[in-house]
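Participant: Model the structure of this input:
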Amino acid sequence: AVIGFLLSCTAVMGADNYLWIKKENGEEIKFSIDGTTTSDGDWKTDNPYEDAGNIWDTGTKTYTNNTTLSSSKANDKDGNKEISYGLRLSGDLTGVNFVNNGSITGEMSGNGYGIYNYKSEMENITNAGVISGTGKSDSKGINTGSGIYNKSGTMKNITNVGVISGTGKNDDKGYGYGIYNSGTMKNITNTGLISGTGSSGSGTGYGIYNSLGTIGDITNAGVISGTGKSDSDAGTGSGINNDSDDKEMGDITNTGIISGTGSSTDGDGIGYGINNSSSAAMGDITNTGLISGSGSGFGSGKVGAGCGIYNDSNGKEMGAITNTGIINGYGTNSDSGDGTGCGIYNISGTMGAITNTGVINGYGYSTNTGVGGGIFTDSNAAKIGNITNIGIISGTGIGASATLGFGINNGAGTIGNITNTGIISGTGSGIYNQSGTIGAITNTGVIYGKTNAINKNSGTIDPSSNYGILVNGDGGKGVVDGLGIVDKLTI
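Facilitator: I've put the predicted structure just below:
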């Protein structure tokens with residue numbers, strides 16, 4: 001995606017020209033450019049930046065920013081933490097919309113937020129400019145940067161055609177969030193860039209982070225990315241991270257790029273395109289673009305793990321996955337740890353049906369153990385509905401000590417019927433049932449495994465049929481192991 005901005009026509013002010021908009025106790029909407037609490041500073045009902053080109057339309061209750069709102073030092077507190085914001089919203093702002101055509105930035109050593117919404121109820125945010133938050137320092141501690149930080153507030157739709165970014169950098173811990181939500185948001189529509197970057201001893205970056213909150217549908221035709229970098233601990237990145245516990249996130253529709261990248265030079269590197277965790281519920285995922293997770297770790301006992309979609313909903317439900325694009329996971333470890341890559345990994349919880357006419361791929365490389373899975377289930381609490389494949393599902397593992405690659409791997413969970421008219425392949429087995437339950441397999445395409453096309457190590461697979469090609473690459477192994485196939489045609 002190429003994003004261009006024509007900001008030359010935007011009025012630009014000097015540094016530290018921030019804005020606070022509030023409505024409290026039934027009063028009129030008021031503005032402040034110097035307030036650090038609701039009681040100090042100069043509060044007026046007039047638009048303080050009208051001469052700079054900003055517009056306050058009282059009829060539609062829409063504030064439009066055409067200039068630079070910024071802060072480079074502490075101008076408020078979030079609990080006991082000092083923060084720096086470009087725009088703050090508070091109180092009852094029902095019906096108030098905000099449009100940004102300029103730049104909104106908050107930066108300091110500590111916590112920097114572009115837009116900080118604290119327990120305020122408001123309408124829509126539309127961004128065609130830049131919204132960014134940066135927290136950085138060279139000392140020990142925790143630094144957090146967030147483009148939009150919604151703390152226990154209520155926002156309606158966010159529409160982004162510009163840039164929303166958060167950056168956290170510190171020698172100890174750095175957290176970066178494009179959008180952070182612990183309240184309620186309706187739909188997010190992105191055709192621009194939403195990114196979060198964390199770098200430090202332990203760096204975490206999420207493009208969109210839902211922390212114990214509720215978010216509606218996410219529609220992406222741009223880029224949503226999260227990047228975590230570390231030089232002495234774990235680096236973790238997710239494009240979308242849903243950590244909503246008993247709350248939920250709606251449907252995700254992607255025609256662009258959703259990516260998560262985690263890297264460490266001395267620890268775990270973990271990257272997820274979409275991460276649904278902590279007993280969280282999520283709607284359907286429809287992908288015609290790219291959903292990618294990449295993890296690069298280093299060190300003995302450390303892991304480099306990347307998954308396109310990772311579900312750890314622990315009894316909660318994730319909806320159906322429909323893919324006509326690419327879902328990819330890539331994990332590497334160049335030392336003596338493990339490298340694991342999965343296209344889709346269901347570690348716990350219930351996942352709906354998977355329909356693939358594109359590519360679902362997992363690649364793992366390590367000088368120790370390399371594990372790659374196209375679709376992977378783990379514990380006996382993990383359930384996946386029917387899998388229908390017209391495209392490619394593949395898993396590649398490359399390791400000096402052990403190589404494990406599966407197109408579809410069922411650890412100890414439950415998978416419905418598998419219907420294949422495309423290609424399912426693995427450097428170990430095409431389909432591998434370690435100890436769980438799989439419904440009937442019907443193949444009219446190609447299922448390939450270097451060891452076995454289909455391997456029922458243990459557990460149960462329902463009576464299955466083959467009208468296509470089952471093939472393996474090891475003449476000393478059976479094409480099918482542990483399972484009888486009706487109307488079998490093998491090579």
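
Participant: tell me which helix or strand of this protein sits lowest on mean pLDDT?
Facilitator: Lowest by mean pLDDT, DSSP states H and E among the helices and strands of the chain is strand 485-486, with a mean of 68.

Participant: pLDDT weak spots in this structure?
Facilitator: Within the chain, the stretches with pLDDT under 70 are 1-15, 486-491.

Participant: one more time with 50
Facilitator: Flagging of the chain using pLDDT under 50 yields the residue ranges 1-14, 488-491.

Participant: gap between Ile125 and Ser146?
Facilitator: 14 Å (Cβ to Cβ, to the nearest Å). Every C-beta, even on glycine, is put in place using the N, C-alpha and C of the backbone.

Participant: Please read the previous query as pertaining to Asp40.
Facilitator: As for Asp40, its distance to Ser146 is 24 Å (criterion: Cβ to Cβ).

Participant: Please identify which of the two sits among more neighbours.
Facilitator: Set Asp40 next to Ser146 and count neighbours by other Cβ atoms under 10 Å: Ser146 wins out with 36 against 10.

Participant: which residues touch the more buried one?
Facilitator: Ser146 makes contacts with Gly112, Tyr113, Gly114, Gly133, Gly166, Gly176, Tyr177, Gly178, Ile179, Tyr180, Gly196, as judged by Cβ atoms under 8 Å, 6 or more residues apart in numbering.

Participant: Pull the most distant pair out of those.
Facilitator: Across these, no pair lies farther apart than Gly112 and Ile179, at 14.6 Å, counting by Cβ to Cβ.

Participant: what does the helix or strand where Lys383 lies contact?
Facilitator: Here Lys383, judged by DSSP states H and E, is contained in strand 382-384. Residues from elsewhere that reach strand 382-384, judged by Cβ under 8 Å, 6+ apart: 346-354, 375, 377, 411-416.

Participant: Narrow those residues to those in strands?
Facilitator: Asn346, Ile347, Ser348, Gly349, Thr350, Met351, Ile354, Ile375, Thr377, Thr414, Ile415 (DSSP state E).

Participant: Surely the first one and Asp378 touch.
Facilitator: This means Asn346. Yes: using Cβ atoms under 8 Å, Asn346 is in contact with Asp378, at 6.9 Å.

Participant: so what sits against both of the two?
Facilitator: Both Asn346 and Asp378 are contacted by Gly413, under the criterion Cβ under 8 Å, 6+ apart.

Participant: So these two - more neighbours on which side?
Facilitator: Using other Cβ under 10 Å as the criterion, Asn346 and Asp378 rank with Asn346 on top: 29 against 19.

Participant: hey, what's the more buried one bridged with?
Facilitator: With DSSP bridges as the criterion, Asn346 is bridged to Asn311, Thr377.

Participant: what's the first-to-last distance across stretch 127-143?
Facilitator: 25 Å (Cα to Cα, to the nearest Å).

Participant: how about it: buried residues?
Facilitator: Within stretch 127-143, the residues that qualify as buried are 127-137, 142-143, counting by 16 or more other Cβ atoms under 10 Å.

Participant: Redo these as CSV? Include distance to Ile387.
Facilitator: CSV is the format used below for the buried residues of stretch 127-143 (distance: Cβ to Cβ, whole Å):
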residue, distance to Ile387
Asn127, 38
Ala128, 41
Gly129, 43
Val130, 42
Ile131, 40
Ser132, 41
Gly133, 41
Thr134, 43
Gly135, 43
Lys136, 45
Ser137, 48
Ile142, 42
Asn143, 43
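
Participant: Out of the residues you listed, which sit inside strands?
Facilitator: Assigned to strands by DSSP E, the following of the buried residues of stretch 127-143 qualify: Asn127, Val130, Ile131, Ser132, Gly133, Thr134, Gly135, Lys136, Ile142, Asn143.

Participant: and the second one, what does it touch?
Facilitator: Each residue near Val130 by Cβ under 8 Å, 6+ apart is listed here: Phe5, Gly102, Ser103, Ile104, Thr105, Gly162, Val163, Ser165.

Participant: Now for Asn457, how many residues are close by?
Facilitator: Residue crowding around Asn457 was assessed by other Cβ under 10 Å; the count is 14.

Participant: measure the residue nearest to it when sequence neighbours are not counted to Gly207 for me?
Facilitator: Counting by Cβ to Cβ, 6 or more residues apart in numbering, Asn457 lies nearest to Gln434, which is 5.2 Å off, once chain neighbours are set aside. Gln434 sits 33 Å away from Gly207, going by Cβ to Cβ.

Participant: what's the answer for Gly135, then?
Facilitator: Going from Gly135 to Gly207 by Cβ to Cβ gives 17 Å.

Participant: The chain: helices as residue ranges?
Facilitator: Ranges of helices within the chain: none, based on DSSP state H.

Participant: who does the residue most central in space within it bridge with?
Facilitator: Per Cα atoms, centre = their mean, the C-alpha nearest to the average position across the chain is that of Ile240, at 1.9 Å. Assessed by DSSP bridges, Ile240 has beta-bridge partners Ile208, Ile274.

Participant: what's near enough to touch the residue nearest to Asp284 when sequence neighbours are not counted?
Facilitator: Distances taken as Cβ to Cβ, 6+ apart place Gly319 nearest to Asp284, at 3.6 Å, with adjacent residues excluded. By Cβ under 8 Å, 6+ apart, Gly319 lies in contact with Asp251, Met282, Gly283, Asp284, Ile285, Gly352.

Participant: got it, and Gly235?
Facilitator: By Cβ under 8 Å, 6+ apart, Gly235 lies in contact with 198-199, 202-204, 228-229, 262-264, 267-270.

Participant: now do Ser120
Facilitator: By Cβ under 8 Å, 6+ apart, the contact set of Ser120 is Lys22, Leu89, Ser90, Gly91, Asp92, Leu93, Gly153, Thr154.

Participant: quick revisit: now the residue nearest to Asn457: how far from Asn410?
Facilitator: Distance of Gln434 to Asn410, computed by Cβ to Cβ: 6 Å.

Participant: Repeat that for Ile424.
Facilitator: Distance of Ile424 to Asn410, given as Cβ to Cβ: 13 Å.

Participant: In terms of packing, which of these two has more residues around it?
Facilitator: Legend: neighbour count by other Cβ under 10 Å for Ile424 and Asn410, higher for Ile424 (32 against 28).

Participant: Okay, and the beta partners of that one?
Facilitator: Following DSSP bridges, Ile424 is listed with bridge partners Ile393, Ile447.

Participant: Was I right to think it contacts Thr442?
Facilitator: No: Ile424 is beyond contact range of Thr442, at 12.0 Å (criterion: Cβ under 8 Å).

Participant: Tell me who's in contact with Ile447.
Facilitator: Residues near Ile447 by Cβ under 8 Å, 6+ apart: 407, 420, 423-425, 430-431, 453-454, 466, 468-471.

Participant: Tell me the spacing between it and Gly459.
Facilitator: With distances taken as Cβ to Cβ, Ile447 is found 18 Å from Gly459.

Participant: what's the answer for Tyr467, then?
Facilitator: 24 Å.

Participant: ok, now Gly411?
Facilitator: Gly411 sits at a distance of 10 Å from Gly459 (criterion: Cβ to Cβ).

Participant: Quick check: neighbours shared by these two?
Facilitator: Residues touching both Gly411 and Gly459 by Cβ under 8 Å, 6+ apart: Gln434, Ser435, Gly436.

Participant: Pick the one among those residues closest to Gly478.
Facilitator: Gln434 (17.1 Å).
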